[in-house]
Structures are given as C-alpha cells and as structure tokens.
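Peer 1: What would the 3D arrangement of this be:
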Amino acid sequence: MDLIEWLNAYWQAVFDQDEQKMRDFIHPQACIRWHNTNECFTCDEFIRVNCEYPGAWQGRIEMVSPISSGVFTITHVYNSAYSFHVTSLIQREEGKLISLDEYWSEDGEAPEWRKQLGLGTMIHNR
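Peer 2: Residues are numbered from 1 along each chain as shown. As a prediction, the model looks like this:
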C-alpha cells in the first residue's frame, strides 16, 4: 500500500470509529500527542478516545507533504454539527503509525474586529 492509500485508509478507519481497523494502522507502542489540549495517548487510549467520541464523523485529506521524519497532513474532519481542521505529523515504523503529533482547530468565522478591518478574503464559501 503506497503512502496516499495508507493515509486514506487510516483516516477512513478514524472517521468510521472502527476499533479493529484503527489497530491495523497503529503500532502498539505508538505515542499520540494532541498539543492543543496537552494530552498524550497510548495506542489503546487513542483508539478508545476516537471510538467513543460522540457523533458520526466524515472528512477528507486536504494536503499531504512527505518530510524527512514522516508525513505532514492537513485533514478536514466534520459532522452535521462541527467542523475541524487537523494538522498531523505522522511517523511510521514497519508500516504502522508509531508517533503522531496533532493540532486540532475548530472552524469558524473571523472575529468581528478582523472583519471590520476589511482585510483578506474567504478561502472557501461555507
């Protein structure tokens, strides 16, 4: 499985909250860090927090950039109530995720004070 296929299959397992499929992609000794909330998870904890997260989710990878230490991705994750963009630095060992550093950001509008400046334009119409 090439890198893009691997990433698409990994994220689909996350979106589906499929514990068994997620285990196929994550090394048992993996270290996962969510920097925005200052949390570090083991493989089992990461799978549990994803599978127990409320709601049904979907998403799409918007950017992939291989780098010397792994792969950098930006993914849009959403459901009917919420929309997030997540920046991930993924390192793999033996074809499995061994290290993951993620930064989650809830999508929303620019604050009113920036709108009043009249600068910039929308990237996407939401």
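Peer 1: so where do the strands sit in this protein?
Peer 2: 26-34, 39-41, 58-67, 70-78, 83-93, 96-106 (DSSP state E).
Peer 1: residues contacting Glu62?
Peer 2: The contact partners of Glu62, by Cβ atoms under 8 Å, 6 or more residues apart in numbering, come to Ile74, Thr75, His76, His85. Glycine gets a C-beta too; all of them are placed from N, C-alpha and C.
Peer 1: PyMOL command for the buried members of these?
Peer 2: Buried residues among the contacts of Glu62 (16 or more other Cβ atoms under 10 Å), as a PyMOL selection:
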select buried, resi 75+76+85
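Peer 1: and of the contacts of Glu62, the nearest to Gly108?
Peer 2: His85 (10.7 Å; Cβ to Cβ).
Peer 1: So the closest one sits against Glu102, correct?
Peer 2: No: using Cβ atoms under 8 Å, His85 is not in contact with Glu102, being 10.9 Å away.
Peer 1: so what's the most centrally placed residue in the chain bridging to?
Peer 2: In the chain, the residue lying closest to the centroid (Cα atoms, centre = their mean) is Val86, at 4.5 Å. In this entry, Val86 is beta-bridged to Thr75, Trp104, by DSSP bridges.
Peer 1: Local confidence estimate at it?
Peer 2: Looking at Val86, its pLDDT is 98.
Peer 1: Could you tell me the angle between the direction of whichever helix in the chain runs longest and that of strand 58-67?
Peer 2: Of all segments of type helix in the chain, defined using DSSP state H, the longest is helix 3-16. Interaxial angle, helix 3-16 versus strand 58-67 (axes from the mean of the first three to the mean of the last three Cα atoms, to 10 degrees): 150 degrees.
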